[in-house]
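K.L.:
The sequence and its predicted three-dimensional model are supplied below.
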Amino acid sequence: MPKVLLIDVDDTLLSFEQYVEESMRSGFSLFGIGPFKKEMLSVFHRINRELWQRLEQGTLSFEELKRIRWNRIFDALGIRADGLKFEEYFRDCLFDSAIPVEGAMELLEYLRGRYILCAASNGPYLQQINRLKKGKMLDFFSHLFISEELGCSKPSKAFFELCLERLNKDRPEPFFPQDLMIIGDSLSSDIAGGISFGMQTLFYNPNKREIPPQIMPEHSVFTLQEIKNIL
């Protein structure tokens, strides 16, 4: 069994997907872009996923992602609008968004005291801290591993090396990679990164995606409640 849990934030603890819909709906109205349609969400997620994969691979910086994301989305939707201005609005809204994933708070209550809990997230440091605070989740974590502050992102080895280094600071008996488990909804960043580093892995898979054989987590669940049967 693991001793330390590294838990992803977006779409594992706090719902990014619900936030995107709310911010697009309100932003389209505010900027006079036109009516929001639910089918637009698939375009956002496709382009956003492609850009984040490039960020994870080290071929795109976070600043570059912010500069191009909404212009690409608007181009794909056939919309004439200022993508940079909308990106600023989108990020301002995200800073204060704290929509919990179903079962997230109950899971944290269950895990507290049983394991050392750490947040492990790709994103801006102050934003993720503020969202966890607003969601009343911040106090559950003894460590906060956020990519902007660490200077590297999941799934890089450097990210997990820094996590382990900070966990082991001033400890007489160090933790090893196999003492850690990462819990998250991303096969490419959470699970692939955890496997590569030698950690235990638990894939949160609410959309019941097919798991490729080359990225096979030790555990997989469809709901956060199921994690209680594993840990």
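P.N.:
That came in fine, so what should we check first?

K.L.:
so what does the biggest helix by length in the chain touch, helix or strand wise?
P.N.:
Among the segments of the chain that qualify as a helix by DSSP state H, the longest is helix 40-57. Applying 3 or more CB pairs under 8 Å, 6 or more residues apart in numbering; DSSP states H and E, we find helix 40-57 packed against helix 16-30, helix 62-77. Where you see a C-beta, it was placed from the backbone N, CA and C, and this is true even at glycine.

K.L.:
how about stretch 3-22 as CSV, C-alpha atoms only?
P.N.:
What follows is stretch 3-22, C-alpha atoms only, in CSV (Å, rounded to 0.1, in the frame of the first residue of the first chain):
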residue,chain,number,x,y,z
LYS,A,3,2.3,5.9,2.1
VAL,A,4,1.9,9.1,0.1
LEU,A,5,-0.9,10.1,-2.4
LEU,A,6,-0.3,12.6,-5.1
ILE,A,7,-3.8,13.8,-6.2
ASP,A,8,-4.5,15.7,-9.4
VAL,A,9,-6.8,18.7,-9.2
ASP,A,10,-8.5,19.5,-12.5
ASP,A,11,-11.4,17.1,-13.2
THR,A,12,-10.2,14.9,-10.3
LEU,A,13,-11.1,17.1,-7.4
LEU,A,14,-12.4,20.3,-9.0
SER,A,15,-14.5,20.1,-12.2
PHE,A,16,-12.8,21.9,-15.0
GLU,A,17,-15.4,20.7,-17.5
GLN,A,18,-18.3,22.3,-15.7
TYR,A,19,-16.3,25.5,-15.3
VAL,A,20,-15.6,25.6,-19.1
GLU,A,21,-19.3,25.4,-19.9
GLU,A,22,-20.2,28.1,-17.4
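
K.L.:
can you pull out the helices in this protein?
P.N.:
Going by DSSP H, the chain shows helices at 16-30, 40-57, 62-77, 83-95, 104-111, 125-134, 147-150, 157-168, 192-197.

K.L.:
which one of the ones you listed lies closest to Val9?
P.N.:
helix 125-134 (5.8 Å; CB to CB).

K.L.:
Could you list every helix and strand in contact with that closest one?
P.N.:
Packed against helix 125-134, as judged by 3+ CB pairs under 8 Å, 6+ apart, are the following elements: helix 83-95, strand 116-121, strand 143-146.

K.L.:
before we move on, back to that, could you redo the helices and strands packed on helix 40-57 as a markdown table and give each row mean pLDDT and distance to Ile146?
P.N.:
Converted to a markdown table, the helices and strands packed on helix 40-57 look like this (pLDDT from 0 to 100; distance: least, CB to CB, whole Å):
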| stretch | mean pLDDT | distance to Ile146 |
| --- | --- | --- |
| helix 16-30 | 91 | 15 |
| helix 62-77 | 94 | 12 |
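
K.L.:
got those as CSV, with mean neighbour count and distance to Ser147 columns?
P.N.:
Converted to CSV, those look like this (neighbours: other CB atoms under 10 Å; distance: least, CB to CB, whole Å):
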stretch, mean neighbour count, distance to Ser147
helix 16-30, 16, 15
helix 62-77, 16, 8
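
K.L.:
so where's this structure uncertain?
P.N.:
Filtered on pLDDT under 70, the chain yields no residues whatsoever.

K.L.:
Give the residue farthest from the middle of it.
P.N.:
Pro172 (31.4 Å; CA atoms, centre = their mean).

K.L.:
That one and Asp179: what is the separation?
P.N.:
15 Å (CB to CB, to the nearest Å).
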